[in-house]
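> Predicted model follows, preceded by the sequence.
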Amino acid sequence: MLIRLLRFLIRLALPTPQPPREMPSSLAGRDLSGQPGSATRAVSPVANTTVQPAGPAALKGNSLSGLNTDKFAPMSVADALAATGAADWRSANFDSRSIIPPADLPRIQVIDRTMVGMGLISEQELAEIHDIGREMAQFQSDATFIHQAGERAVAISREERQRLKEQKKAEAEQRRVLRRQQVAHRRATDIVFLGRGVSRGLADRRSNIETLQAGALPLLSSPAELANAMGLTISKLRWLAFHSDAPNRVHYVSFNIPKKSGGIRRLSAPHQQLAAAQHWILTNILNLIPVHQNAHGFVAQHSVVTNAAPHVGSSVVINVDLKDFFPSITLARVDGLFRRIGYSPAIATILALLCTECPRDAVSFGGTTYHAATGPRALPQGACTSPAISNLIAHKLDRRMSAMANKLGWRYTRYADDLTWSIDADPSPSVGYVLARLRHIVDDEGFGLNHEKTRVQRRSQQQSVTGVVVNDRLSISRDTIREIRAILHNAKRTGLAAQNRNQHPHFDSWLIGMIGWIEMVNPQQGGKLRTELIELLRK
């Protein structure tokens, strides 16, 4: 309705003349106060004639709810045009619909008098509306204050949240910086991760100092102490010991050589830096730990000769070979070895990783070559630490074998993966029982037998232990002696090169080595052959 009235007033302000309009019958015979009997006649604001009220003094004295009734008196055309022109209608479209505008505004006065003059509303109703407007204005000020206070509180809350947010961001950034500094410091001074599945013990730095002191071993508990003792930086030690299932670079050079008995033997030679670290472990730790007295392989002052000597003149000699001896000694067993001798889990883990390696195959992906692991980490054949570790791992095996041999009246020795049993009794006891007990102990200690290489040798045949004949005395097989003698004899006429019938790439070195082998077992016999070789080389 208000919009229609505004449109009407805008048309009213135009100069187009409008036809006169009679005062509504509701206002006929009434004064502006709503009392009957007045002779006042209202003239439409748009009419050209003006009818003044009969008693203007009476109108000015009456009021409704604090409003003078003369404010609602009909307007002449001139007054209407003047009031319409004086009123500021530019902000009318921006009046809030939630409030009743005050009656003292010029445009509101025009609207009020027009509405009353047209009979759209009575003076009483209009007065009540403005009374309500004033009351609303009173509460509106409170509501405005509350609204503004709420807005201020919300703004303060938003600012506080933003301040807390910025503060938390700054604190988080400080924590990240501190974290990066701590990580960088830890990486430079400590080792806490060496690959998936192998880093579990790195957090435990508790070594058994008493056990280490009793064995005269280096007192080490943390990775930093180990790196310092080995003369390495933490980063270098981490690089050497780190485990990966498919790295693009490894610390070994692997190659295959044919076995004498058939098949392929895979050798893995460590690179220089890893070889130096392994040599430190061998010299400062492994060589200081005593091995079983019946272990002759890779032990100082022991050889195949000392391994074969106890079995000379036996009625029965049993030779047994352990299957996959080095590959069966895995990372877990090596780690357990270093823990048993007193080192903390952290030191034991690092030492075990330095001394083991996975079997790997080279694969290409995306133009990059990776060395994918095809099995668990174990002792590599080619590392200087592997023989010493294998002797220490097999210590319990040697102890149980020796105890059983002593109980049954047999003799026992071991050279690496070759186990030898012998007895002088005649007639010999049940060999089957001995083999059954032997197989049970081997399986119980985590090894396996190579049944194809199990041999039972009696006095009536050639008895050999690790290549040394032990029937009556230590000697080399006759076939080997005859071969070397024939080579030296024929070389006097044709030269050594002509005797290389098997096309050996290093024939001279091979011949010198074979004569040295014979001399070690039988010094008298080997000495004669060496004299002949020296005479040939002088020619």
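That came through, no problem. Since the structure is predicted, the reported quantities are computational estimates derived from the model, not experimental observations. Numbers count the residues shown, from 1 in each chain.
> starting at the chain centroid, how far to the helix or strand where residue 350 lies?
Assessed by DSSP states H and E, residue 350 sits inside helix 345-355. Centroid separation between helix 345-355 and its chain, computed with CA atoms, centre = their mean, to the nearest Å, is 21 Å.
> Please name the strands paired to the helix or strand following that helix in the sheet, noting orientation.
Remark: after helix 345-355, the chain's next helix or strand is strand 360-365, criterion DSSP H and E. Note on strand 360-365: by DSSP bridges, its sheet partners are strand 368-373 (antiparallel).
> how about the helices in the stretch 401-539 of the chain?
Ranges of helices within the stretch 401-539 of the chain are 431-444, 478-494, 507-521, 523-538, based on DSSP state H, counting those that start in this stretch.
> for these, which one ends up most surrounded?
helix 507-521 (a mean of 16; mean count of other CB atoms under 10 Å). C-betas here are computed from N, CA, C, even on glycine.
> Packing partners of that one?
In terms of contacts (3 or more CB pairs under 8 Å, 6 or more residues apart in numbering; DSSP states H and E), helix 507-521 is packed against helix 304-308, helix 478-494, helix 523-538.
> got a list of what the closest residue to residue 328 other than its chain neighbours touches?
Among residues not flanking residue 328 along the chain, residue 447 sits closest, at 5.8 Å (CB to CB, 6 or more residues apart in numbering). By CB atoms under 8 Å, 6 or more residues apart in numbering, the contact set of residue 447 is 322-323, 325, 328, 394, 397.
> Just send these back as CSV, with pLDDT, secondary structure and neighbour count too.
Shown next, in CSV, are the contacts of residue 447 (pLDDT from 0 to 100; DSSP: H, G, I helix; E, B strand; the rest coil; neighbours: other CB atoms under 10 Å):
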residue, pLDDT, secondary structure, neighbour count
322, 95, strand, 22
323, 92, coil, 15
325, 94, coil, 20
328, 95, coil, 18
394, 96, coil, 25
397, 96, helix, 20
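> Put together TSV for those, with distance to residue 421 on each row.
Output for the contacts of residue 447, formatted as TSV (distance: CB to CB, whole Å):
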residue	distance to residue 421
322	14
323	18
325	18
328	21
394	15
397	13
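> what's the closest of those residues to residue 403?
Distances from residue 403 to the contacts of residue 447, taken as CB to CB, are shortest for residue 397 (11.0 Å).
> Just give me the neighbour total for the nearest residue to the closest one once chain neighbours are set aside.
Closest residue to residue 397 apart from its sequence neighbours, by CB to CB, 6+ apart: residue 445 at 4.4 Å. When neighbours are counted by other CB atoms under 10 Å, residue 445 registers 18.
> Is residue 445 in contact with residue 399, as I believe?
No: when contacts are counted by CB atoms under 8 Å, residue 445 is not listed as touching residue 399 (9.9 Å).
> ok, the contacts of residue 447 vs residue 488, which is closest?
Distance to residue 488, by CB to CB, is smallest for residue 325 among the contacts of residue 447, at 36.0 Å.
> Could you tell me how far that closest one is located from residue 295?
Relative to residue 295, residue 325 is positioned 13 Å away (CB to CB, to the nearest Å).
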